[in-house]
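Novice: any chance you can model this:
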Amino acid sequence: MPEIDPESIEEVRRAADLVELLRGRVELVRSGGRWRARCPFHEERTPSFVLIPPENRTYYCFGCGASGDAITWMREREGAASFPEAIEALAERFGVPLRHLRASPQEEAERIAAERRLELLDRAASFYESSLWRMDEAATARAYLAGRGFGEDLVRRFRIGYAPNGGSVLAGHAARAGFSRDQLLAAGLAQLRGGVARDFFVSRIVFPIADGRGRVQGFGARTLDPAERAKYVNSPEGPTFRKRRLLFGLSLARPEAARQGWIAVSEGYTDVMALTASGVEAAVACMGTSLTAEQMRLLARVAQEVRLCFDADRAGEEAAWRTVEAAGDLAVRLTAVPLPAGRDPGDLAGDGEGLATLRRAVEEPVPLMEWLVRARIARAGRTAAERDRALGEVTALMRRFPDSVEKDEAVRIAASLLGLSRPLEERLREEARRERAGAGGPDPVSRRLSSDEERERRLLVLAVALPEAAPRYLGSMSEDAFEVDEHRRAFALLASGTTADRWPEELAGLAAALRAEAAVAGAEEAELREATYRLQERSLERRAARAREGGDVDEFLRIQELLHQLRRAIRGD
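Specialist: Next comes the predicted model:
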């Protein structure tokens, strides 16, 4: 795609009013000549998030160190997937015409094609929506939605529509509006049959799936014919529709999620509608059996807590287990919404009592680890072998979570439900505290590493796993980024190109542990690059904290600028 003119980018930066952009997302209060708020990036009671005067073009949190400008905000809190997308969204919001650098004919053609594709998808959504309300054949669809407890206002809020029968109704409508057959195919709205473009969706209720900015990317569609083999079908994967990178309802849920700090995630479209009908406006659907890593990153940009509202059955439990994997090391809290057994959110939308039950459940989530422990043990049989298997799975789950009060409580609950003796409970507690990155045996480090030390350790593992790439990335770092002396010495060796098998005797234990972890790490160079950046970021954050505590304003601001540059590099700006 053609590059945006740098002068246009600066015009957007100057025009973007953070006060206007953040209003409705956080509760801004004017105090002492500055705008202040409770930080949307971490939980706090006393406002430490401020806009920096006089222009109010940057923000900073004195509690967690979050900082940036309007572009950063769009990337980290508003769901913009890239730097250009953030610029485009701000330009549209504040009425700044964008200029692009001279593009090749191919790049210009791709840009125009992408714009036309989005226009076509939005027109298709409007066509389906109109069809639902005006066509006689859609009466069954209207009755189905009403029978599920979804009123007209709610249906219109989500732009729910109906794809009529007839084979090429939408295709004909699009052709009259000037769209070609190839454009219909690229948008996933048609398929070729006998050389003729036929509608992809026929005789189905249609749910538009938009990105974080509300731009329609594709559709999900439900049949009402019990003879149909596939109850739901989605748009085919293509240049616009990437299911694993989208969340149904995200653009509608984002404002409330940013304000309250949490977002509810369910599995299906009607689940989101039921949650909204119950008064839970910060609700989205993963449109599948579990959340992907890409979807988790989107959620982490808009809320600090993700409340999993999955079905109260084995499938829902397994989806929650996979979500733990997808979350990885993201700074997001996972909790679970305890639904009545055998029910999903959509089942509870039919009456006021069900909606009240749903809302209470969402407002009173339980720690995910506790929910998973109880669910897994409840499924265990009575035999010793079955109980041992459940204990092993529960222990493996706990290793994925850092030590916390919630983890200690989950250990206590597991021990109680499994009827473990005190020595076995202590053993369970010790097993649960082993290093998550370990190769399966006891961790060679005798104590639990802090989060900063874990970050150092992970970078060393990746560097050992990628010896050829390591010097290229470690060469830009300073030893000061490492707090553990042993890690600092290992870093110096790796940066110089000395592989772990050639380290001195006093580092032999660490070398052996790192090599064992590296053997199962599945390392990629992109991950090494990310780990390098993150460790540098944490080092700068510590230096900024020391400067702030020491009252050195100039040093503090200088480090903030370095942090801003580094975070732009992390995002690929």
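
Novice: local confidence estimate at residue 42?
Specialist: If you check residue 42, the pLDDT there is 77.

Novice: and it, how far from residue 71?
Specialist: 21 Å (Cβ to Cβ, to the nearest Å). Just so you know, the C-beta spots here come from the backbone N, C-alpha and C atoms, and that holds for glycine as well.

Novice: looking at those two, which is more packed in?
Specialist: Each of residue 42 and residue 71 has its neighbours counted (other Cβ atoms under 10 Å); residue 71 has more, 21 against 16.

Novice: so which helix or strand of the chain has the lowest pLDDT on average?
Specialist: helix 422-432 (a mean of 68; mean pLDDT, DSSP states H and E).

Novice: quick check: what element follows that helix along the chain?
Specialist: Downstream of helix 422-432, the first helix or strand assigned by DSSP states H and E is helix 451-465.

Novice: just checking, what packs against that next one?
Specialist: Using 3 or more Cβ pairs under 8 Å, 6 or more residues apart in numbering; DSSP states H and E, the elements in contact with helix 451-465 are helix 470-474, helix 485-495, helix 508-519, helix 525-549.

Novice: residue 111 sits in which helix or strand?
Specialist: Per DSSP H and E: helix 105-134 holds residue 111.

Novice: off-centre distance for that helix?
Specialist: Relative to the centre of its chain, helix 105-134 is centred 26 Å away, using Cα atoms, centre = their mean, to the nearest Å.

Novice: quick one: contacts of the following helix or strand past it?
Specialist: Next helix or strand after helix 105-134 toward the C-terminus (DSSP H and E): helix 139-147. Residues from elsewhere that reach helix 139-147 (Cβ atoms under 8 Å, 6 or more residues apart in numbering): 132, 133, 155, 160, 162, 205, 224, 350.

Novice: next, the angle from helix 139-147 to helix 105-134.
Specialist: 80 degrees (axes from the mean of the first three to the mean of the last three Cα atoms, to 10 degrees).

Novice: any buried residues in helix 139-147, and which?
Specialist: For helix 139-147, the neighbour count (16 or more other Cβ atoms under 10 Å) marks 141, 142, 145 as buried.

Novice: next one, pLDDT for the first one please.
Specialist: The reference is to residue 141. Residue 141 is given a pLDDT of 96.

Novice: could you measure it against residue 204, distance?
Specialist: Remark: distance between residue 141 and residue 204 (Cβ to Cβ) = 8 Å.

Novice: just the last one next, same as before
Specialist: If you measure residue 145 against residue 204 using Cβ to Cβ, the figure is 13 Å.

Novice: could you do the second one as well?
Specialist: In this structure, residue 142 and residue 204 are 14 Å apart, going by Cβ to Cβ.

Novice: list the contacts for residue 523?
Specialist: Going by Cβ under 8 Å, 6+ apart, the list of residues near residue 523 reads 461, 462, 465, 466.

Novice: can you check residue 85 too?
Specialist: 74, 213.

Novice: mean confidence for the helix or strand in which it is found?
Specialist: Using DSSP H and E, residue 85 sits within helix 83-94. In this model, helix 83-94 has an average pLDDT of 84.

Novice: buried residues in it, which are they?
Specialist: Across helix 83-94, burial judged by 16+ other Cβ under 10 Å covers 83, 84, 85, 86, 87, 88, 89, 90, 91, 93, 94.

Novice: now swap in stretch 278-297 and tell me
Specialist: In terms of neighbour count (16+ other Cβ under 10 Å), stretch 278-297 has its buried residues at 278, 280-287, 290-292, 295-297.

Novice: pLDDT check: weakest of those?
Specialist: Sorting the buried residues of stretch 278-297 by pLDDT puts residue 290 at the bottom of the list (78).

Novice: neighbour-wise, which one of the contacts of helix 139-147 leads?
Specialist: When neighbours are counted by other Cβ under 10 Å, residue 162 leads these with 28 neighbours.

Novice: quick one: contacts for that residue?
Specialist: When contacts are counted by Cβ under 8 Å, 6+ apart, residue 162 touches 128, 131, 132, 135, 137, 138, 141, 204, 205, 206.

Novice: the first one: neighbour count?
Specialist: Counted with other Cβ under 10 Å, residues neighbouring residue 128 total 25.

Novice: my guess is it meets residue 204, correct?
Specialist: No. With contact defined as Cβ atoms under 8 Å, residue 128 does not reach residue 204; the gap is 9.3 Å.

Novice: for the two, list the residues in contact with both.
Specialist: Common contacts of residue 128 and residue 204, defined by Cβ under 8 Å, 6+ apart, comprise 162, 163.

Novice: so which of the helices and strands packed on helix 451-465 gets nearest residue 215?
Specialist: Among those, helix 525-549 comes nearest to residue 215, with 27.2 Å by Cβ to Cβ.

Novice: and that closest one, what does it pack against?
Specialist: Using 3+ Cβ pairs under 8 Å, 6+ apart: helix 525-549 touches helix 451-465, helix 470-474, helix 553-571.

Novice: from these, which stretch is densest packed?
Specialist: Ranked by mean neighbour count, the helices and strands packed on helix 525-549 are led by helix 451-465 with a mean of 22 (mean count of other Cβ atoms under 10 Å).

Novice: contacts only, for the closest residue to residue 150 other than its chain neighbours.
Specialist: The spatially closest residue to residue 150, leaving aside those adjacent along the chain, is residue 273, at 5.4 Å (Cβ to Cβ, 6 or more residues apart in numbering). Contacts for residue 273 (Cβ under 8 Å, 6+ apart) come out as 148, 150, 154, 155, 158, 346, 349.

Novice: give me the mean pLDDT for the helix or strand where residue 273 lies.
Specialist: Applying DSSP H and E as the criterion places residue 273 in helix 269-277. For helix 269-277, mean pLDDT rounds to 94.

Novice: from the chain's centre, how far out does that helix sit?
Specialist: The mean C-alpha position of helix 269-277 is separated from the chain mean by 20 Å, Cα atoms, centre = their mean.

Novice: next, the angle helix 139-147 makes with it.
Specialist: On the basis of the same axes, to 10 degrees, helix 269-277 is oriented at 50 degrees to helix 139-147.

Novice: packing partners of the following helix or strand past helix 269-277?
Specialist: Counting by DSSP H and E, the next helix or strand C-terminal to helix 269-277 is strand 283-285. On a contact count with 3+ Cβ pairs under 8 Å, 6+ apart, strand 283-285 meets helix 250-260, strand 262-266, helix 269-277.

Novice: quick check: which of these is buried the most?
Specialist: Comparing the helices and strands packed on strand 283-285 by mean neighbour count (mean count of other Cβ under 10 Å), strand 262-266 ranks first with a mean of 29.
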